[in-house]
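**Student:** This is the structure alone, sequence omitted:
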């Protein structure tokens, strides 16, 4: 029997495989947690961006219209804005969210009933409009965002 043999034993191979498997398992777990966290944050960012777009659209309507009406129906917001000349136009903000909990001038929207919620004849020249926008993702009800703001413009004709 030779005493100076080169090579590795079966025990050494098995120990190396166990260590490599352990390191690969830890790395895989860390990567999968990272991907899940990234997906959740991406969804939250998308809802926040949609809320910002809705607020921007409503701010524009509030600032350029003499009167306007909002109808919350079937996860959409229908906006009818009328200018001081009497011409009116319709716009639909379709972001497919549940708007339940949204409040306009302290009146709550209930998207769960079958009747549309109508906020009519909002007059930006006479008063500011308080808005608490609540967006809940229809595919994951845990993803909800709340934005509170006041739609304003220079008020004329008030005493």
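**Tutor:** Perfect, thanks for sending it. These numbers were taken from a predicted model, which means no experiment stands behind them.
**Student:** dump the residue contacts of the residue nearest to the spatial centre of the chain.
**Tutor:** Closest to where the C-alpha atoms of the chain average out (C-alpha atoms, centre = their mean) is residue 47, at 1.7 Å. By C-beta atoms under 8 Å, 6 or more residues apart in numbering, the contact set of residue 47 is 97, 135, 137, 143, 144, 145. Every C-beta, even on glycine, is put in place using the N, C-alpha and C of the backbone.
**Student:** Kindly recompute the last result at 10 Å.
**Tutor:** Residue 47 makes contacts with 95, 97, 135, 136, 137, 140, 143, 144, 145, as judged by C-beta atoms under 10 Å, 6 or more residues apart in numbering.
**Student:** Over to residue 148?
**Tutor:** Residue 148 sits next to 103, 130, 131, 132, 133, 134 when contact means C-beta under 10 Å, 6+ apart.
**Student:** Select from the contacts of residue 47 the one having the most neighbours.
**Tutor:** Of all the contacts of residue 47, the highest neighbour tally under other C-beta atoms under 10 Å goes to residue 97, namely 25 neighbours.
**Student:** so that one bridges to which residues?
**Tutor:** Counting by DSSP bridges, residue 97 is bridged to residue 137.
**Student:** what's near enough to touch it?
**Tutor:** 47, 50-51, 54, 75-77, 111, 133-138, 143-145.
**Student:** Then residue 79?
**Tutor:** Residue 79 neighbours (C-beta under 10 Å, 6+ apart): 57-58, 60-62, 65, 68-71, 89-93.
**Student:** Sheet-wise, list the partners of the helix or strand harbouring it with their directions.
**Tutor:** For residue 79, the element it lies in under DSSP states H and E is strand 76-82. Applying DSSP bridges to the sheet, strand 76-82 is found paired with strand 67-73 (antiparallel), strand 88-93 (antiparallel).
**Student:** Any buried residues in the first one, and which?
**Tutor:** Neighbour-count burial for strand 67-73, with 16 or more other C-beta atoms under 10 Å as criterion, is recorded at 67, 68, 69, 70, 71, 72.
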